[in-house]
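Enquirer: coords please:
(chains A and B)
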Amino acid sequence: MIINVDSPVLEIHDLTVSYDQSPVLWNVDLSLPPGKLIGILGPNGAGKSTLIKAIMSLVPVTGGYVKIFDRELNDVRSRISYVPQRESVDWNFPASVLDVVMMGTYGKIGLFRRPGKKEKKIAMDCLEKVGMQSFVDRQISELSGGQQQRVFIARALAQEADLYLMDEPFAGVDMATETAIFQLLQEMTAAGKTVIVVHHDIHSAMNYFDWIIMLNLHLVASGPKSEVVTEELLRKTYGGKLNLLTKVTDIIRQKDFNPLKN
Amino acid sequence: MSDFVYFFTFQDASIAFVVIGITLLGIGSAYVGTYSFLDKKALLGDAISHAVLPGICLGFMLAGEKNPIYIVTGAFLSGALATFLTSWLKSNTRLSDDAIIASILSIFFGFGVVLLTVIQKSGNPEMAGLNQFIFGNAIAILEEDLYIYGGLAILIIITLTAFRKEFSMLVFNADFGKSIGYPMGAIRLVFNVLMILAVVIGIQAIGVVLMAALLIAPGAAARFWTDKLGKLLLISGAFSAISGIIGTYVSFVIPQMPTGPWVVVCLSLFAFASFLFAPKKGVLSRYIARRYYLKKTHQDHLLKLIFHGLESGKKTFSIEEIYQSFPYKKGETKHTIDDLIKSDLLTQNQGLIDFTPKGKSEAKRIVRLHRLWELYLNEYMNIAPDHVHDSAEKLEHILTPELEALLESRLNYPKLDPHQEAIPRDNDEL
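Expert: Below is the predicted model of the structure:
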């Protein structure tokens, strides 16, 4: 079940992504409404992070295209915020919490210029929103997993974007923090922003998201929670074995070239 | 001694020049090297520094003499080729990083040595100083060459300072940089160019074999001292510059002595000293912290011993009894009692030991933490009462007042622990 919308905030058209030889996403085609809290669900290795990275052009796309606010990505970058997975960076890097959050303002100040008082003020406000104001000068290596996650979210807030793409922001976060962050995200969508979140826990997903995308190498479903979350679709996403699709992937991997690439 | 005075008073303008040059190049390469060390690309520096040798030789062959422009350009181009090949092989083969780096390093260096031998056989009278490029000789650098090396070093320092935020982002989170539209590919390219330049400026002073040490060792040593990037760059620059000057001094005092090995010996002393003596992260300070902790634990146990005695109705404690409670530790125990008396927690009167009011309160605090933790384990983690003691024995020394308050309120100010022993508080009768 794939529900499409008029004047979408994000439109993905027939997107196929391969790493080296193996396709990891097959013909994803969907459109998303603005102002919603959207969850991307699926088992491990379903291509959830890859989908977000493909939207941000961080991985090469084998086929298809992405349009955001009906424009090319490069025209609207300043309106988009990307939150990478927490494990993707080295938290031993010598930087303070403030340094990292301030990176959120780098897009606006551009190359060469150094952040100043104004940027520092924005960063402080955003740290306050995630309840980390007392950690400003703390070294990032001293933070717990949940605190690291909140620093990343503060950095995203500092970008003052309209569309947020977050990769597993709840991994390694305790229940109280999870609730607090979800509340924050709901406030953001209430203010008209669109938030897309890669998420692993189906139970909390049911409570919080307005719109759900189910993914397992291909798009299983995309639509409002009430219509999409059915036993059949959940089984297709999590339970059903994709024997055929994985076999095709194996064949392609053994070839010397990737036939899906043009 | 007169050499020392002569060298460090800079009476000789050419010595002053060399010292300025080596300082600049030390700071420049430490600066680049610290970033690549943080980026976990330390080996790439090693590969580049070995890979510039064939370029130096080809530059010499083309010019027919030791022309700095030819040699620097040759070194830069062969370093660039090595860097490019490294990343090309990485994205187009399944070879692992270490295999690629090791192959590039040895193939380029081997080829360079072959060229060097060819030059030496050719009998060119200009070739005399070419061996210096292997281990470096700072004193032998000519003044006009110094202008080139110094100028390039200044270029490196200025570029890294101007793009500090971009390079930090490259190392910390390049994907994020890309997502906000920064040209991360170009920034990576500029960084690689700076890295090759840093090697190139060091070839004559330090030599190709040991240049990698000047890139990586300062940052690695400085990392022990600080968690702040700004300070890290300053400290590594200082280590590198000082080592460079000392190496130059040795080359000055002992003619024909290469500079590179002495710079590296000096750098390794800095690194070793940092490893041993740096506050917090150094071995010595960790050792002291551990000793302090063990001493504190023994004090806590001694206070507890007396308190448990009080609980069971005992009135007096002789020193001998206390010694017997800690078998084989008489010396340490005597020490601990002295310390506790000194910090006004115990009093001693004719061989009898007693609490001061402060000491009793401290003993109660430790026993209280022990029993609160036992109760917490029992109630919240469903651990049987006979399994909770060992954990409490360790945590009683480290639980903070905040955690104590939290435990008290979670457990609702309990009276008894899981073994039905009273949890002592300051206003108790005991």
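
Enquirer: For the rest of this, base every contact and every neighbour count on C-alpha atoms.
Expert: OK.

Enquirer: Residue 155 is in what secondary structure piece?
Expert: I'll assume chain A. helix A:145-158 (DSSP states H and E).

Enquirer: actually it's chain B I care about, not the one you picked
Expert: Using DSSP H and E, residue B:155 falls in helix B:143-162.

Enquirer: now do residue B:248
Expert: Residue B:248 belongs to helix B:229-253, assigned by DSSP H and E.

Enquirer: remind me which residues of chain B are low pLDDT?
Expert: Across chain B, the ranges flagged by pLDDT under 70 are B:1.

Enquirer: Repeat that for chain A.
Expert: A:240-243, A:261-262.

Enquirer: could you pull out the strands for it?
Expert: For chain A, strands defined by DSSP state E occupy the ranges A:10-19, A:22-32, A:37-41, A:63-68, A:80-83, A:163-166, A:194-198, A:211-216, A:218-224.

Enquirer: same question, chain B
Expert: Under DSSP E, chain B gives strands at B:317-318, B:346-349, B:352-355.

Enquirer: mind checking which of the ones you listed is nearest residue B:335?
Expert: When the strands of chain B are compared by C-alpha to C-alpha, strand B:346-349 sits nearest residue B:335, at 12.8 Å.

Enquirer: Looking at chain B, which helix is longest?
Expert: Counting residues, the longest helix in chain B under DSSP state H turns out to be helix B:283-311.

Enquirer: Buried residues, that helix. List them.
Expert: B:283-284, B:286, B:295, B:297-307 (16 or more other C-alpha atoms under 10 Å in any protein chain shown).

Enquirer: any idea which of those residues is the one closest to chain A?
Expert: Minimum distance to chain A across the buried residues of helix B:283-311 is 17.4 Å, recorded for residue B:286 (C-alpha to the nearest C-alpha).

Enquirer: Let me see the contact set for the closest one.
Expert: residue B:280 (C-alpha atoms under 8 Å, 6 or more residues apart in numbering or on different chains).

Enquirer: Now with 10 Å, please.
Expert: Contact analysis of residue B:286 by C-alpha atoms under 10 Å, 6 or more residues apart in numbering or on different chains lists B:276, B:277, B:278, B:279, B:280, B:292.

Enquirer: Could you do residue B:411 as well?
Expert: By C-alpha under 10 Å, 6+ apart, residue B:411 lies in contact with B:372, B:373, B:375, B:376, B:379, B:380, B:405.

Enquirer: my read: residue B:385 touches residue B:377, true?
Expert: Yes - using C-alpha atoms under 10 Å, residue B:385 makes contact with residue B:377 at a distance of 8.5 Å.

Enquirer: These two: who's more crowded?
Expert: residue B:377 (20 against 15; other C-alpha atoms under 10 Å in any protein chain shown).

Enquirer: what helices or strands is the longest helix seen in chain A leaning on?
Expert: Ordering each helix of chain A by length in residues (DSSP H) puts helix A:175-190 first. In terms of contacts (3 or more C-alpha pairs under 10 Å, 6 or more residues apart in numbering or on different chains; DSSP states H and E), helix A:175-190 is packed against strand A:37-41, helix A:117-129, helix A:145-158, strand A:163-166, strand A:194-198, helix A:202-208.

Enquirer: Alpha carbons of that helix, as PDB, please.
Expert: The C-alpha coordinates for helix A:175-190 follow below in PDB (Å, rounded to 0.1, in the frame of the first residue of the first chain):
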ATOM      1  CA  MET A 175      13.100   6.000  27.700                       C
ATOM      2  CA  ALA A 176      12.900   9.400  29.300                       C
ATOM      3  CA  THR A 177      15.100  11.000  26.700                       C
ATOM      4  CA  GLU A 178      13.200   9.300  23.900                       C
ATOM      5  CA  THR A 179      10.000  10.700  25.100                       C
ATOM      6  CA  ALA A 180      11.500  14.200  25.500                       C
ATOM      7  CA  ILE A 181      13.000  14.100  22.000                       C
ATOM      8  CA  PHE A 182       9.700  12.900  20.500                       C
ATOM      9  CA  GLN A 183       7.900  15.700  22.100                       C
ATOM     10  CA  LEU A 184      10.400  18.100  20.600                       C
ATOM     11  CA  LEU A 185       9.900  16.600  17.200                       C
ATOM     12  CA  GLN A 186       6.100  16.800  17.500                       C
ATOM     13  CA  GLU A 187       6.400  20.500  18.400                       C
ATOM     14  CA  MET A 188       8.500  21.000  15.300                       C
ATOM     15  CA  THR A 189       5.900  19.300  13.100                       C
ATOM     16  CA  ALA A 190       3.200  21.400  14.700                       C
END
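
Enquirer: what does that helix rub up against?
Expert: Residues contacting helix A:175-190 (C-alpha under 10 Å, 6+ apart): A:34-38, A:129-131, A:146-147, A:149-150, A:153, A:157, A:162-164, A:169-173, A:191-197, A:204, A:207-210.

Enquirer: How far off centre is it?
Expert: 15 Å (C-alpha atoms, centre = their mean, to the nearest Å).

Enquirer: Ok, stretch A:223-233 next?
Expert: Using C-alpha atoms, centre = their mean, the offset of stretch A:223-233 from its chain centre is 20 Å.

Enquirer: Pull up the distance across it, start to finish.
Expert: 12 Å (C-alpha to C-alpha, to the nearest Å).

Enquirer: same check, this time on stretch B:394-404
Expert: 15 Å.

Enquirer: Could you tell me which residues within that stretch count as buried?
Expert: For stretch B:394-404, the neighbour count (16+ other C-alpha under 10 Å) marks B:396, B:397, B:404 as buried.

Enquirer: Compute the inter-axis angle for the longest helix of chain A and strand A:194-198.
Expert: Between the axes of helix A:175-190 and strand A:194-198, defined by axes from the mean of the first three to the mean of the last three C-alpha atoms, to 10 degrees, the angle is 150 degrees.

Enquirer: Close to chain A: what parts of chain B are there?
Expert: B:38-39, B:91-92, B:161-166, B:168-169, B:171-183, B:223, B:226-232 (C-alpha under 10 Å from any C-alpha of the partner chain).

Enquirer: residue with max distance from the center of chain B?
Expert: Most distant from the centre of chain B: residue B:313, at 54.2 Å, with distances by C-alpha atoms, centre = their mean.

Enquirer: For that residue, give its distance to residue B:302.
Expert: The value you get for residue B:313 to residue B:302, if C-alpha to C-alpha is used, is 17 Å.

Enquirer: now do residue A:214
Expert: 62 Å.

Enquirer: Now distance to chain B and mean neighbour count too, for the helices and strands packed on helix A:175-190, in JSON lines please.
Expert: Shown next, in JSON lines, are the helices and strands packed on helix A:175-190 (distance: least, C-alpha to the nearest C-alpha, whole Å; neighbours: other C-alpha atoms under 10 Å in any protein chain shown):
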{"stretch": "strand A:37-41", "distance to chain B": "19", "mean neighbour count": "26"}
{"stretch": "helix A:117-129", "distance to chain B": "14", "mean neighbour count": "18"}
{"stretch": "helix A:145-158", "distance to chain B": "10", "mean neighbour count": "24"}
{"stretch": "strand A:163-166", "distance to chain B": "11", "mean neighbour count": "24"}
{"stretch": "strand A:194-198", "distance to chain B": "15", "mean neighbour count": "24"}
{"stretch": "helix A:202-208", "distance to chain B": "24", "mean neighbour count": "14"}
